[in-house]
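1. Structure here, sequence nowhere to be found:
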């Protein structure tokens, strides 16, 4: 037996209950179970005692035993259900005793069994996977759905609780969850309707297959979306309104409902905005804001509508006022409640602000003008809760897409400081958002660029380029690219030194095309203005030419090749660097090839390169012109003057003029 | 103010069928949105007022379209028009929309959709289209919402419960714009640039914004408030009051067994003694069964002098008796029919006794107070409406009886009644008291559990159902409905009775002067004879068994009054008071009255 830490007298009475389960007389066993039932109700200590004394395996045995009367089985199930209602440890013990397969194999039609099963499954200590290990379980539960309102309530509650991954969604979907559960949405029982609704919200979440099916489902000749709309009516219970709004949100995000559908614009969105109002419970406000943020994230029109609905932007400011100064003094219980939800409220508000401001400049302005908004973001960036920090930096990122805000509020509030601090030590998701925001802060018109440079950010960004996460590598190199744009020689030199040529060329062969693009962008920015071009090329010319050759030969997108040709054009603009091209016949052949390419962008870039090489006013231009004429470039240029694309045509004509002069 | 006397185009279009259709739709929508508004007292806005407008404003399309015809050079050229009537407080929540048909030549379009009565251009509230600002009294604007332009539909919702207002744009609520609004606001629109045209929708068309959904939230809020109204420490007292109300109601209507059972269960006392209740009940049963002659006789026996002191009541009863004779239900004609031996056995003497009634009449005085309509409680129209509206309610509620005590009582009652059924032929006391109780007991004890007033209508309805059942059995016995049951002798008796009734009327005229009501009553009753099928004739309504209720209730009240008991049960008084209160709330501009309607609680 297990180690028992109970006073002997307690154990004795408890043991008596357990002993009676072993009586040879079935009638006495039944009475024993009934007495046990009465003894454990609401008595957590007694529950723990009985579990320790081994009541569970015996009860399970009696439950499964074919010779047990149905009455005895029912009573056993009730006792087990009662034990499950206790502490988390109780549930753990029950699960350890294999109560789930026993209840599943047993005569599940007993609503007491289902009730117990429900209690076990909705506990956080029970692994949800247990529902899926035996493939016969779900079809069996589906078949029991028609039994009674009780079974409907318990089974749908189990489903909605145990559906956590796309795989779970698929399993339930394949077993006809939609057809079986849809009729329950119009059940006379509120609990059944509510649990069925919850099922649909977890099934539809980020699931296109489920969502696409849901839009065509009819319940009593009414479209499911209309049933959901009815459930969102303002006189319905809040929980129902909110969950129905979630269902429609998920269906919309999965592409099953258009974002301009009136059930989204005139019903779901206003319903979610109402959930954010001060009248709602803190939990409801958190869920409402998060769901709304998710709904409108990809759609600027929804963002615009939400931004004018019921003063949403101002309403969200209230999310930061917890715990309120009043609650701290007057009501300790309320303070506790407020404290518990304060983080959740703040992160939800940041998320919603981020979503609202992700596209529209006017909305961003409205957000930054909200009372103390920038201060709140700044303090949010250094909060202890990772969730709040992440949401705050997301919000900052969303606002950082505004040129105006970068120039004004971002600089006024020195947001770069906490942002830099955040970058020192944070989980990857925070780092991705923070570094992405930093990219925007390093744009050439951003007044924060200077102080950030002075804070020694280069090392940090270089280390990001070595990350395993492609998103971090992109952001690191992107920030360096922005930093190098029109930078002075000192900064450029520092970037090259800190990054190291080896890392630079490693990035040029990065499997992620975004990383490659930004690295090329960095190179292009480094190779701007003549003295810089010559300086960089004199020290790294060989490697750069090699890398360029490799990329032009490799399988890359048009954009990558265009960017590479632009780098060549920059090199061709240098004084001494020109020679690196002129002496490389291989490269010249490649340029020639791209001048005759079917893509106009590549033709333009290649022509630009040649144009730089033959420019008249520079030393040695005559020789270069002659050499290129020999190689047949003039013929090509001549052809290009007839090109249908006006830009290309102009560019070729300008180049030809160099020969005529 | 240069209000121009412009003729509304509406009058020219009255014959237009499309317009009439729209008018009907408007009336229906307004009735649905604002059921608490009494339009005789406070008419709803239905169009812009051709009288209350600036001269720069032109109206067309039934005074719904507004266009600007001024110069529009500066702010001084702004012009506005208001609706024909202010918003009645009884709306609770009021809403109207305006569609911007054309924003005008330059970019300035403005709206000021609310203004109170005095100086309607000052002290107004509005939402501007050019900058999205809201403004309140002629002050400077506050940033409020988005701008709006051609094609947008702008709505304005006034919440008269908390005196706030919000606007909508294309069906989206923009949030509260003003608080602490004054009463008696007019929907108003203001324009400022040439070419500006806006169309109003006061309910002529469905609204873009779902105002009914918004109203449903407030209805739920107010119902919740009423349901959770704190009683606090007065809980015990409260319960006693409720029990007393139920008990007195039962006693008033003579539900003797139920009242006794209820008194036993709740340990309360009944003021009136058993026999008195049973007597009243018996008389009521007779009236409700259409056996008015017997009812008169029983009243005279049990309450000597009562009818003599109430000549009006007696006349009403006699008129009814005449109608019931036509109907074939009164015992004076029923006794001629061999098809209903039961009633003949029960009342062997009644035909011979009746003539005596006429002889006693000369001694009558007028009691005067009771008019036929006022005696049936405070809300007679509601009562009738609910009969028609909820024909299935009784069976549903009787099956859902939840309190164990009520089940027990109803069971014991039903055993009583099955026992008494066989005897009913011999003892009419038994018959009248118990056959109804099995149903009544369930209803009233049910009602107590939650809301005593909620079941009143059920009770009355049930009443009705039994009578109808009796009628049906009556109809079954006489293959088709015929005058006086189709019996020649009965018809002769009826005609004779009619003469006596005529005589009684003349006598009353001589003694108390002409009485228009009596004359009308008599005319209506006699008119029945002018039709070959009295049941399907313009005055056939009189034959409806439901018509017995008024007179039954009047007689019951008169008896109670003669015994120095209240002539109305406190429950009905409370109901009447609640109804009056709600109406009073509308007059003192308390908007929540719209969602606190008494009918909402009488299921």
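-> Alright, I've got the coordinates. Just so it is clear, the structure is predicted and the values come from calculations on it, not from any experiment. Numbering: from 1, shown residues only, chains lettered A, B, ... in the order given.
2. which helices and strands does the longest helix along chain B pack with?
-> Criterion DSSP state H: the longest helix present in chain B is helix B:488-512. Packed against helix B:488-512 by the contact rule (3 or more Cβ pairs under 8 Å, 6 or more residues apart in numbering or on different chains; DSSP states H and E) you find helix B:311-327, helix B:331-334, helix B:355-360, helix B:516-527. The C-beta positions use only the backbone N, C-alpha and C, and glycine is treated the same way.
3. ranking those by mean pLDDT, which is last?
-> Lowest mean pLDDT of these: helix B:355-360, a mean of 36.
4. Can you name the residues of the stretch 451-600 of chain A that neighbour chain B?
-> Within reach of chain B by Cβ under 8 Å from any Cβ of the partner chain, the stretch 451-600 of chain A has no residues at all.
5. where along the stretch 451-600 of chain A do the strands fall?
-> In the stretch 451-600 of chain A, no strands are found when defined by DSSP state E, counting those that start in this stretch.
6. how about the helices and strands packed on helix B:488-512 in a markdown table, adding distance to chain A and mean neighbour count?
-> What follows is these, written out as a markdown table (distance: least, Cβ to the nearest Cβ, whole Å; neighbours: other Cβ atoms under 10 Å in any protein chain shown):
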| stretch | distance to chain A | mean neighbour count |
| --- | --- | --- |
| helix B:311-327 | 43 | 25 |
| helix B:331-334 | 47 | 28 |
| helix B:355-360 | 56 | 13 |
| helix B:516-527 | 46 | 15 |
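7. Enumerate the residues of the stretch 251-400 of chain A near chain B.
-> Contacts of the stretch 251-400 of chain A with chain B, taken as Cβ under 8 Å from any Cβ, map to A:265, A:266, A:267, A:270, A:305, A:308, A:309, A:310, A:311, A:312, A:315.
8. Specify the local secondary structure of the closest residue to the first one other than its chain neighbours.
-> So the one you mean is residue A:265. Once flanking residues are discounted, residue A:265 sits nearest to residue A:305: 6.3 Å by Cβ to Cβ, 6 or more residues apart in numbering or on different chains. Here residue A:305 is recorded as helix under DSSP: H, G, I helix; E, B strand; the rest coil.
9. my guess is residue A:153 meets residue A:195, correct?
-> Yes - the pair residue A:153 and residue A:195 passes the contact test of Cβ atoms under 8 Å, sitting 5.5 Å apart.
10. thinking again about what came up before, could you pick out the buried ones from the residues of the stretch 251-400 of chain A next to chain B?
-> Buried members of these, counted by 16 or more other Cβ atoms under 10 Å in any protein chain shown: A:265, A:266, A:267, A:270, A:305, A:308, A:309, A:310, A:311, A:312, A:315.
11. show me what contacts residue 215?
-> Defaulting to chain A. Taking Cβ atoms under 8 Å, 6 or more residues apart in numbering or on different chains, we find residue A:215 in contact with A:223, A:224, A:225, A:251, A:256, A:257.
12. think we crossed wires, I meant chain B
-> By Cβ under 8 Å, 6+ apart, the contact list for residue B:215 reads B:33, B:92, B:93, B:595.
13. and what of residue A:474?
-> Counting by Cβ under 8 Å, 6+ apart, residue A:474 touches A:512, A:514, A:515, A:518.
14. residue closest to the middle of chain A?
-> Centroid-nearest residue in chain A, with Cα atoms, centre = their mean: residue A:429, separated by 9.2 Å.
15. which residue packs closest to that residue, ignoring adjacent ones?
-> With sequence-adjacent residues excluded and distances taken as Cβ to Cβ, 6+ apart, residue A:429 is closest to residue A:390, at 5.9 Å.
16. can you list the residues of the stretch 101-250 of chain A near chain B?
-> Residues of the stretch 101-250 of chain A found near chain B (Cβ under 8 Å from any Cβ) are A:233, A:234, A:235.
17. Filter these down to the buried ones.
-> By neighbour count, with 16+ other Cβ under 10 Å, these hold A:233, A:234 as buried.
18. how about the residues of the stretch 101-250 of chain A next to chain B in JSON lines, adding pLDDT and secondary structure?
-> Shown next, in JSON lines, are these (pLDDT from 0 to 100; DSSP: H, G, I helix; E, B strand; the rest coil):
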{"residue": "A:233", "pLDDT": "97", "secondary structure": "coil"}
{"residue": "A:234", "pLDDT": "96", "secondary structure": "coil"}
{"residue": "A:235", "pLDDT": "94", "secondary structure": "coil"}
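19. I'd like the residues of the stretch 101-250 of chain A next to chain B as JSON lines, with distance to residue B:226 appended.
-> Formatted as JSON lines, those follow (distance: Cβ to Cβ, whole Å):
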{"residue": "A:233", "distance to residue B:226": "20"}
{"residue": "A:234", "distance to residue B:226": "18"}
{"residue": "A:235", "distance to residue B:226": "15"}
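20. can you tell me which strand in chain B is longest?
-> If each strand of chain B is counted by residues according to DSSP state E, the longest one is strand B:93-103.
21. rewinding a little: sitting in helices, which of the contacts of residue A:215 do you find?
-> If you go by DSSP H, the contacts of residue A:215 have A:224, A:225, A:251 in helices.
22. got the contact list for the second one?
-> Contacts were defined as Cβ under 8 Å, 6+ apart; by that measure residue A:225 touches A:214, A:215, A:248, A:251, A:257, A:263.
23. Now do the last one, the pLDDT please.
-> Turning to residue A:263, the model gives it a pLDDT of 96.
24. Go ahead and confirm it touches residue A:249.
-> No - Residue A:263 is not in contact with residue A:249 according to Cβ under 8 Å; the separation is 10.9 Å.
25. And the two? Which one has more around it.
-> Using other Cβ atoms under 10 Å in any protein chain shown, the more surrounded residue of residue A:263 and residue A:249 is residue A:249, with 24 against 19.
26. which residue packs closest to the more buried one, ignoring adjacent ones?
-> In this structure, residue A:249 finds its nearest non-sequential neighbour in residue A:295, 4.4 Å apart by Cβ to Cβ, 6+ apart.
27. wouldn't that neighbour be in contact with residue A:302 here?
-> Yes - in terms of Cβ under 8 Å, residue A:295 counts as a neighbour of residue A:302; the distance is 6.6 Å.
28. between these two, what contacts are shared?
-> Both residue A:295 and residue A:302 are in contact with A:264, A:269, where contact means Cβ under 8 Å, 6+ apart.
29. For the two, work out which one has more neighbours and name it.
-> With neighbours defined as other Cβ under 10 Å, residue A:295 and residue A:302 compare such that residue A:295 has more, 25 against 22.
30. and the more buried one, backbone torsions?
-> Main-chain torsions, residue A:295, degrees, to the nearest 10: phi -60, psi -50.
31. residues contacting it?
-> Taking Cβ under 8 Å, 6+ apart, we find residue A:295 in contact with A:249, A:252, A:253, A:264, A:268, A:269, A:272, A:302.
32. Pick out whichever of those sits closest to residue A:441.
-> residue A:302 (27.9 Å; Cβ to Cβ).
33. what's the helix or strand for the closest one?
-> According to DSSP states H and E, residue A:302 maps onto helix A:300-308.
34. helices or strands up against that helix?
-> Where contact means 3+ Cβ pairs under 8 Å, 6+ apart, helix A:300-308 is packed against helix A:269-275, helix A:282-296, helix A:332-356, helix A:361-368, strand B:172-178.
35. which other residues reach that helix?
-> For helix A:300-308, the surrounding residues in contact (Cβ under 8 Å, 6+ apart) are A:259-260, A:264-265, A:269, A:273, A:292, A:295-296, A:312-313, A:355-360, A:362-363, A:366, B:145-146, B:169, B:172, B:174.
36. low-confidence ranges in the chain?
-> All of this refers to chain A. Scanning chain A for pLDDT under 70 picks out the ranges A:1-10, A:106-110, A:325-330, A:661.
37. Chain B, not that one
-> B:1-19, B:72-76, B:104-123, B:138-139, B:235, B:335-481, B:603.
38. Kindly report the residues of it close to chain A.
-> Proximity of chain B to chain A (Cβ under 8 Å from any Cβ) is limited to residues B:145-146, B:166, B:169, B:171-176, B:210, B:213-214, B:216-217, B:219-220.
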